[in-house]
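A.B. asks: Below are the sequence and a predicted model; questions follow.
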Amino acid sequence: MTVSTISPAADQVTTAASKTNAAALESSNPLLRSWADQPFHLPPFKSIEPCHFQPAFEVAMAAHLADLEAIAASHTDDFESILGAYDRAGLLLSRVSAVYGNYTSSLNTPEMQKVQTEMAPVLSRHNSKAYDIPGLFEKVEKMYGIKDEKLASGEWTAEQARLAERVYVRFVRMAAKFDRATKAEYADIQAKLASLLTQFMQNVLKDEEEWELILTEDDMIGCPPDLISAARKAALDRNKTEPADAHVVTLGRSMVEPFLSYASRRDLRKKVFDAFSKRGELSPDRQNLAVAVQILRLRKRQAELHGKKSFAEYQLEDTMAQTPQNAMALMNDVWSKAREAANREREAMEEFLKEKGESLEGGIQPWDWRYYAEQVRQAKYAFDENEMKPYLSLDAVTMAAFDVSGKLYGLKYIPRKDIVAYHQDVNVYEVRRANGDDDELVAIFLHDNFARAHKSSGAWMSELRTQKKNVDSGSDEIEKIPIVLNNNNFNKGSSSSLLSFDDAVTLFHEFGHGHHGMLSDATYEYLASTSVLKDFVELPSQLMEHWIGESVVLKAHAKHYETGEIIPDDLIERFKASELFNEGFATVEYTSCALLDMAVHSLSNYGDDFDLEKFEREYLAEIGMPQGIIMRHRPAHFLHLFATSSYASGYYVYQWAQVLDNDVFAAFEETGNVFDSDTAERCRKFIYSTGNTVAPQELFRMFRGREPDPKFMLKNRGLIYE
């Protein structure tokens, strides 16, 4: 998941809200003071407390409204006075919001959660008000109306015309054309949604924090040493002293999936699986299915106000797919092939059990699949993923990512151990690129890799400051430089943290998002970085994943964490041979989520008796969900859908982007060199640096010279054969 925010220095805000900001600068609140004394104008993390956010928001929201009111009152209706100023408006609010978003995802303590609950509807109301400033939409609409003429005459650049279009579209989608009563209802809906989305996220976070399974080392028979070590460390971190050799399994995915893959005891696998699959409904006080239904009803009304039959229709209007039908066409094609592959995989496991003379009560269940899939993988390919882990330490994979970044885009990463971030686990890097005889500063990169209490699960990229060139006169040049964060949730080992190959892919995935922010080269922040259409945003991230599986990268960086031995060729060959094994399962697990997301958001009615759990059960039966597999994200903990609205009716975007990223990587492969410099430069120009300054469909055509071809994705997924 990607979140994009910004962070300019408060002393550079020279907008119409200067008086308000001047008062802010005199404040003792670290969120409002100048950050010019901090390295690279980073936030003063050591000074920030949860109690600082609410008063900071009050000042920043007032400053933002003053900026917008000044634009609306402008007597000069030209690009700079309207759209240029709009792009710069609300810098103080953006700065506070960026830090707030970081804390509510990465350091969401009980005190912070209280602030989040209180501020969610307040911030939503402010957002609605920002699109309802008297006279402002009329200015935006005028700019939109003249954009083609101005572009044709050469008075505006293509990027300026694109900004006029995107700002106008956003205003319309935020109710700018509604009458007064409908605007009020729309604002009420947004405020209610903000509170419910926050409640949903916090419920999942609490379930993940509170649930634990205390085991002995003997209970973990079959588990690899690094998992046993992580479970022991989790017990020590939680002060578990009974039994004496206590080990704790938590609900972090990086702990759950290895446990399900290797733990010999079926009863314990079931306990862990049941808890993991029921996050969001583990406590009577936290029933996320009811929260999700309220969200669905509000989204349906939101879509109705826009004249749409369903939320899915409303949501996809502003995407590459454009309609639910187009997204469903891709997913249905993949689904049929993946379902057949998964059924073959289950049959192979059943045959394996038969040959061993074993039987399972009830057949292969979801808590069995990963375990027996690993057994079959080892028997068929003589490959055990645990063989690779010693070669995939977090340090080694991080260095591999940095090296790939350097070879492709000329970036180098300089550790800044002198800079204190918001948590001791966070590493800070200065990112530079050669520019003639000198190095130029490109970005500041923060790497937050470990799971911990009060941190959301999953992995994501965010920004404390977004790249831009349109800054206020007199601003420090550092305000143009992005500050990019990558968050992961890896297990923290007692010494070196060893990653599974899937974990390594996740690190590269988020690093791809990071490159979207670090390599951004837009004039206007509104169009910069990851501010692209949702079904394009996963292309830069998924594209980066390809390099970690390349033999040339593994041979350079996959070194044994204790001996320094380079990964053996034989191990790479066995890994490659088994790479597509169980791909049917993985594709079914994901695609079922995307299909259900689209189906549930395409409904035209959610009656008083609507039962989301029943809908899930009946819909999966209707599409032929293979026995022994469940959705990767069940509704009660489906954060992409119900902790944010940006991916609702949009979970398909990962598969949509798979078509794009496999096609783009094929361009590298066709040169015979996955680090081909000409292809990398075109990739930088058309995929990573352009942001939303050009329509994404056009960007792909500019890179590839044609429309996307799904055959590369299907082939690489093992779903078609040539």
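C.D. replies: Nice, I can see it. Numbers count the residues shown, from 1 in each chain.
A.B. asks: thought Pro43 was touching Val99?
C.D. replies: Yes: applying C-beta atoms under 8 Å, one finds Pro43 in contact with Val99, separated by 5.1 Å. In short, each C-beta sits where N, CA and C put it, glycine included.
A.B. asks: Please report phi then psi for the residue nearest to Leu519 when sequence neighbours are not counted.
C.D. replies: Computed as C-beta to C-beta, 6 or more residues apart in numbering, the closest residue to Leu519 that is not its neighbour in sequence is Tyr688, at 4.1 Å. Dihedral angles of Tyr688 (phi, psi; degrees, to the nearest 10) stand at phi -100, psi -30.
A.B. asks: ok, the residue of the chain most remote from its centre to Arg180 distance?
C.D. replies: Farthest-out residue of the chain from its mean C-alpha position, per C-alpha atoms, centre = their mean: Gly357, at 44.2 Å. Distance from Gly357 to Arg180, counting by C-beta to C-beta, to the nearest Å: 75 Å.
A.B. asks: How about Leu32?
C.D. replies: The gap separating Leu32 from Arg180 is 34 Å, by C-beta to C-beta.
A.B. asks: Could you check which of these two is surrounded by more residues?
C.D. replies: Remark: of Leu32 and Arg180, Leu32 carries more neighbours, 23 against 7, as counted by other C-beta atoms under 10 Å.
A.B. asks: Give me the pLDDT value at that one.
C.D. replies: If you check Leu32, the pLDDT there is 96.
A.B. asks: That one falls within a helix, correct?
C.D. replies: No: counting by DSSP: H, G, I helix; E, B strand; the rest coil, Leu32 is not found in a helix; it is coil.
A.B. asks: okay, and for the stretch 551-700 of the chain, where does confidence drop off?
C.D. replies: Nowhere does the stretch 551-700 of the chain drop to pLDDT under 70.
A.B. asks: in the stretch 301-450 of the chain, which spans are helices?
C.D. replies: Here the stretch 301-450 of the chain has its helices, by DSSP state H, counting those that start in this stretch, at 311-316, 324-356, 366-381, 394-409.
A.B. asks: just these: most buried one?
C.D. replies: Mean neighbour count (mean count of other C-beta atoms under 10 Å) peaks for helix 311-316 among the helices of the stretch 301-450 of the chain, with a mean of 24.
A.B. asks: what does that one rub up against?
C.D. replies: Contact with helix 311-316 is made by 296, 299-300, 302-303, 306, 308, 322-324, 326-327, 598, 601-602, 648-650, as judged by C-beta atoms under 8 Å, 6 or more residues apart in numbering.
A.B. asks: Of those, which count as buried by neighbour count?
C.D. replies: Taking 16 or more other C-beta atoms under 10 Å as the criterion, what is buried in those is 296, 299-300, 302-303, 306, 308, 324, 327, 598, 601-602, 648-650.
A.B. asks: I'd like to know which of those residues is nearest to Ala434.
C.D. replies: Gly650 (38.0 Å; C-beta to C-beta).
A.B. asks: Tell me the secondary structure at that closest one.
C.D. replies: Gly650 carries the three-state label coil when classified by three-state DSSP.
A.B. asks: How much space separates it from Phe311?
C.D. replies: Applying C-beta to C-beta to Gly650 and Phe311 gives a distance of 11 Å.
A.B. asks: buried set for stretch 640-654?
C.D. replies: For stretch 640-654, a neighbour-count test (16+ other C-beta under 10 Å) marks 640-643, 645, 647-654 as buried.
A.B. asks: Show residues contacting the longest strand seen in the chain.
C.D. replies: In the chain, ranked by residue count with DSSP state E as the criterion, the top strand is strand 438-450. Residues from elsewhere that reach strand 438-450 (C-beta under 8 Å, 6+ apart): 40, 42, 106, 394, 398, 411-413, 421, 423, 425-434, 464, 467, 481-492, 497, 507, 514, 517-519.
A.B. asks: Just the buried residues of those.
C.D. replies: Among the contacts of strand 438-450, those classed as buried by 16+ other C-beta under 10 Å are 40, 42, 106, 394, 398, 411-413, 421, 426-433, 464, 467, 481-492, 497, 507, 514, 517-519.
A.B. asks: Mind checking which of the residues you listed land in strands?
C.D. replies: 411-413, 427-433, 464, 483-490.
A.B. asks: Mean pLDDT and distance to Gln199 added to the helices of the stretch 301-450 of the chain, as a markdown table?
C.D. replies: Shown next, in a markdown table, are the helices of the stretch 301-450 of the chain (pLDDT from 0 to 100; distance: least, C-beta to C-beta, whole Å):
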| stretch | mean pLDDT | distance to Gln199 |
| --- | --- | --- |
| helix 311-316 | 98 | 19 |
| helix 324-356 | 96 | 27 |
| helix 366-381 | 96 | 28 |
| helix 394-409 | 98 | 33 |
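A.B. asks: and of the ones you listed, who's closest to Leu543?
C.D. replies: It's helix 394-409; of the helices of the stretch 301-450 of the chain, that one is closest to Leu543 (C-beta to C-beta) at 10.2 Å.
A.B. asks: Show the low-confidence segments of the stretch 351-500 of the chain, by residue range.
C.D. replies: Ranges of the stretch 351-500 of the chain meeting pLDDT under 70: 494-495.
A.B. asks: repeat that with 90
C.D. replies: The stretch 351-500 of the chain contains residues with pLDDT under 90 at 434-438, 492-496.
A.B. asks: Tell me which residues touch Ser456, please.
C.D. replies: With C-beta under 8 Å, 6+ apart, Ser456 has these contacts: Ser105, Ser106, Asn108, Met201, Leu205, Asn487, Leu639.
A.B. asks: Then Lys150?
C.D. replies: Phe79, Trp156, Gln160, Ala161.
A.B. asks: 7 Å instead, please
C.D. replies: Lys150 sits next to Trp156, Ala161 when contact means C-beta atoms under 7 Å, 6 or more residues apart in numbering.
A.B. asks: Tell me where the stretch 501-650 of the chain has strands.
C.D. replies: Counting by DSSP state E, counting those that start in this stretch, the stretch 501-650 of the chain forms no strands at all.
A.B. asks: Asp37: neighbour count?
C.D. replies: Applying other C-beta under 10 Å, we find 9 residues neighbouring Asp37.
A.B. asks: Stretch 177-194: which residues count as buried?
C.D. replies: Buried residues in stretch 177-194 (16+ other C-beta under 10 Å): Phe178, Lys183, Tyr186, Ala187, Asp188, Ile189, Gln190, Ala191, Lys192, Leu193, Ala194.
A.B. asks: Let's see which of those end up in helices.
C.D. replies: Judged by DSSP state H, the buried residues of stretch 177-194 include Lys183, Tyr186, Ala187, Asp188, Ile189, Gln190, Ala191, Lys192, Leu193, Ala194 as members of helices.
A.B. asks: From those, pick the one nearest Glu49.
C.D. replies: Ala194 (23.0 Å).
A.B. asks: which SS state does the nearest residue to that closest one once chain neighbours are set aside fall under?
C.D. replies: For Ala194, ignoring the flanking residues on the chain, the nearest one in space by C-beta to C-beta, 6+ apart is Ser124 at 3.7 Å. Assigned by three-state DSSP, the conformation of Ser124 is helix.
A.B. asks: repeat for Glu707
C.D. replies: Put simply, Glu707 is coil when judged by three-state DSSP.
A.B. asks: and the spatially closest residue to it that is not a sequence neighbour, what helix or strand is that in?
C.D. replies: Closest residue to Glu707 apart from its sequence neighbours, by C-beta to C-beta, 6+ apart: Arg701 at 6.9 Å. Using DSSP states H and E, Arg701 sits within helix 696-704.
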